[in-house]
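Student: Below is the sequence, then the predicted model.
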Amino acid sequence: MALPIAVLTQVLFGSGSGLAIHFALAVGCLLVSFSAFDFETPRWIAWIGCVSMIAFAAIFVVQNASALIGNESFSYFTDQKLALWGEKPLLSLLTFWLVGMLLTASRGKTRILGFVAMAIVVCVDAYVNFGLLYLGTNPFLETSVLRLLYLLPFVWLIFESRKRRPKEVS
């Protein structure tokens, strides 16, 4: 929903698509953080997912605030430094949570989709974190297309959340 909202914002107001994207991402991260405990994962794995998604939401809110304030130094901090040193470890934590959920809670046909999505994300994460950083480049400025691949696990999560869980016999 973020992309149509961003396009509509751009068409109606002539600007603000970045604000709309970051706002939608912040809301989406909060919603995912609330649902982290709905899957049948160990509590510590659910907490990793919850905390990392709340931290992502906070980063997106701060990035929106910097765009609204218009201070160059603050914008540089949020868009360059926070994006590299804040989002990078959070993406690794998010990947860890999703792999943990795949291994502990997923089953059936959606598990196959989860393996495919997570294999792609783990490879992209390794390339971004080790390949590009080793070369001394800012991976978030040069790999915007690769960042779209991080949305694949959320497609898997939609299918995973639609499955009925067997009721426990007491």
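Tutor: Yep, that arrived. Numbers count the residues shown, from 1 in each chain.
Student: sec struct for Phe96, please.
Tutor: Using DSSP: H, G, I helix; E, B strand; the rest coil, the structure places Phe96 in helix.
Student: residue contacts, it?
Tutor: Phe96 makes contacts with Ile48, as judged by C-beta atoms under 8 Å, 6 or more residues apart in numbering. Just so you know, the C-beta spots here come from the backbone N, C-alpha and C atoms, and that holds for glycine as well.
Student: let's see it at 6 Å
Tutor: Listed by C-beta atoms under 6 Å, 6 or more residues apart in numbering, Phe96 has no contact partners.
Student: other SSEs contacting the helix or strand Val121 falls within?
Tutor: Here Val121 sits within helix 109-126, counting by DSSP states H and E. Contacts defined by 3 or more C-beta pairs under 6 Å, 6 or more residues apart in numbering; DSSP states H and E place helix 109-126 against helix 87-104, helix 152-162.
Student: Let me know the average pLDDT across it.
Tutor: Across helix 109-126, pLDDT averages out at 89.
Student: What are the contacting residues of it?
Tutor: If you take C-beta under 6 Å, 6+ apart as the criterion, helix 109-126 is touched by Thr95, Leu98, Val99, Leu102, Ser106, Leu146, Leu149, Leu152, Pro153, Trp156, Phe159, Glu160.
Student: switch the cut-off to 10 Å
Tutor: Contacts to helix 109-126, defined as C-beta atoms under 10 Å, 6 or more residues apart in numbering, come from residues 88, 91-92, 94-96, 98-99, 101-103, 105-107, 131, 139, 143, 146-163.
Student: and that helix, how far from the chain's centre?
Tutor: Here the centre of helix 109-126 is set off from its chain's centre by 14 Å, with C-alpha atoms, centre = their mean, to the nearest Å.
Student: From Ile21, how far out is Thr78?
Tutor: To Ile21, Thr78 is 14 Å away according to C-beta to C-beta, to the nearest Å.
Student: Looking at the two, which one has more neighbours?
Tutor: More neighbours surround Thr78 than the other of Thr78 and Ile21, with 22 against 18 (other C-beta atoms under 10 Å).
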